[in-house]
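Novice: here is the input, now give the coordinates:
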Amino acid sequence: MRRTKIIATLGPATDAPGVLAGLIEAGVDVVRINCSHGSWDDRNRQVRALREASEAAGKHVAIIGDLQGPKIRINRFAAGPVTLREGASFVLDTAMDPKGGTAEAVGVAYESLPQDVTRGDSLLLDDGQLVLEVMRVEGTRVHCRVVIGGELSDSKGINRQCGGLSARALTPKDRDDIRHAAAAGIDWLAVSFVRNPEDMAEARELLRQAGGSAHLIAKIERAEAVASLEGIIDASDAIMVARGDLGVEMGYAGLTGLQKKILRLTRARHKVAITATQMMESMVHHRMPTRAEVSDVANAVMDGTDAVMLSAETAVGEYPVQAVAAMAEVCVGAETYQFSAGRPRDRSDDQFETVDEAVAMAVMYTANHLRPQAIVALTESGSTPLWMSRVRSDIPIFAFTRHEATRRRVQLYRGVYPVAYDITHTDLALVDQELLGVMHSMGHVSAGDLVIITRGELSGVSGGTNSMKILRVSGL
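Specialist: Purely as a prediction, here's the structure:
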């Protein structure tokens, strides 16, 4: 069973008949809805379509709502793309006509740019494809010299090398999108351009005020976020390594090492880790990934990422279903190699803060030495399966829960698989037999197999897991 989860971004390509069903069949666990595009009428339609396709497939597919964040980008050109020549002068003007850009100047959507830059700064446009050096600032106009030129078209992003732009993570649009996301029942909410833990605390407060129960993902894509990384991890439920803007601000030479550091710290602090951006970009137009893309995905899997994400590959690509299938195949191959070497970390030197965490770690220590066929966790919130999944293992963890929201949420946890189940009586021996019967009917266990079961004494109490039991499957 594939342990690493796959996130696919929805878009025009997934609106075609049968594509959503194809994505789910190919292995999608979670979908991403990008709030930078379309309206909430469009997004609510996508939510309904995804829920219907998931139900038809008998699967629990989660939804991530990805906030746009601040628009740190240029505006538009009057006569189409322009070519900037190296050594030429070019002006970024926050007061210029948003549609009046020329080869000499263009408007900027980010009004604080003149206050955030100074002479000698390097500004990176279009993911670093073009580089401008700031020569001077006059009012709303930032006068620059073109260091690396090329074609520049509408609405391309602006980054300051090494970070330093003061834009807040949450814009008025984001606040409105949070309210809509809560109403739509989104499972995870991704916050773009996070700077510090306070940005995540603000997003969580706004979401809860709107009645939302989604868990929060911090997208690490700014230099400031790297400087506050551990605090941001603690303030979040998951971390996304958003390698596009992060690579531009921090430099591509160190990006791979930084990615590994973020994944390691995130899992060490018991949170969910996601790797994103251009993982199989060539499959936007081609049926097969490049060897470099295969290595990129495989390395993220072997570094312990919970999930890998497809963006343009599924949103606007020509082969969305094939992209998911290819990613699933690479994940399985990488996992096979990973678990063939080395003993998994069992946290034997750690201190545990809660009973359910201690039980979860005892289960994983036992499982990695006893080698049962499966682990079954009766859970309300999904916290016990999350703790378990932080310890590297190839033993599947089945989260049995009556809550659909929990079943969808755990889809993002590496090596955790949701199962719909509700306890209807208090005979624990009978419950054990029911659990083993469900596992047997699903084809996950056979007579003679060992299974570890965890549960709490009281049904309906979140965080109440306090026991583990080892059972051998009898003839069912």
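Novice: Ile262: what's it in contact with?
Specialist: Ile220, Leu229, Ile239, Val241, Ala273 (C-beta atoms under 8 Å, 6 or more residues apart in numbering). All C-beta atoms are positioned from the backbone trio N, CA, C, and that covers glycine.
Novice: report the two of those residues separated the most.
Specialist: Leu229 and Ala273 (12.1 Å; C-beta to C-beta).
Novice: looking at the two, which one has more neighbours?
Specialist: Using other C-beta atoms under 10 Å as the criterion, Leu229 and Ala273 rank with Ala273 on top: 26 against 18.
Novice: my guess is the more buried one is in a strand, correct?
Specialist: Yes: according to DSSP: H, G, I helix; E, B strand; the rest coil, Ala273 belongs to a strand.
Novice: gap between stretch 387-401 and the chain center?
Specialist: For stretch 387-401, the separation from the chain centroid amounts to 19 Å (computed by C-alpha atoms, centre = their mean, to the nearest Å).
Novice: start to end distance for that stretch?
Specialist: 16 Å (C-alpha to C-alpha, to the nearest Å).
Novice: may I see the buried residues of it?
Specialist: Of all the residues in stretch 387-401, those buried under the rule 16 or more other C-beta atoms under 10 Å are 387-401.
Novice: ok, stretch 103-123 next?
Specialist: Neighbour counts over stretch 103-123 (16+ other C-beta under 10 Å) mark 105-110, 113-114, 116-117, 121-123 as buried.
Novice: average pLDDT for that stretch, rounded please.
Specialist: Stretch 103-123 shows a mean pLDDT of 96.
Novice: likewise for stretch 217-232?
Specialist: 96.
Novice: and that stretch, how far apart are its ends?
Specialist: With C-alpha to C-alpha as the measure, stretch 217-232 spans 10 Å from end to end.
Novice: state the phi and psi torsions of the closest residue to Glu249 other than its chain neighbours.
Specialist: Once flanking residues are discounted, Glu249 sits nearest to Ala223: 4.7 Å by C-beta to C-beta, 6 or more residues apart in numbering. With angles defined as degrees, to the nearest 10, Ala223 sits at phi -60, psi -40.
Novice: ranges for the helices of the stretch 151-300 of the chain?
Specialist: Using DSSP state H, counting those that start in this stretch, the helices of the stretch 151-300 of the chain run over 172-184, 197-209, 223-227, 229-234, 243-250, 255-268, 291-302.
Novice: so what's the residue count around the closest residue to Phe400 other than its chain neighbours?
Specialist: Spatial nearest neighbour of Phe400, excluding adjacent residues (C-beta to C-beta, 6+ apart): Tyr421 at 4.1 Å. Neighbourhood size, Tyr421 [other C-beta under 10 Å]: 19.
Novice: tell me the contacts of Tyr421?
Specialist: By C-beta under 8 Å, 6+ apart, Tyr421 lies in contact with Leu378, Phe400, Thr401, Arg402, Glu434, Leu435, Val438.
Novice: if I look at it, how far off is Gly231?
Specialist: According to C-beta to C-beta, to the nearest Å, Tyr421 and Gly231 sit 37 Å apart.
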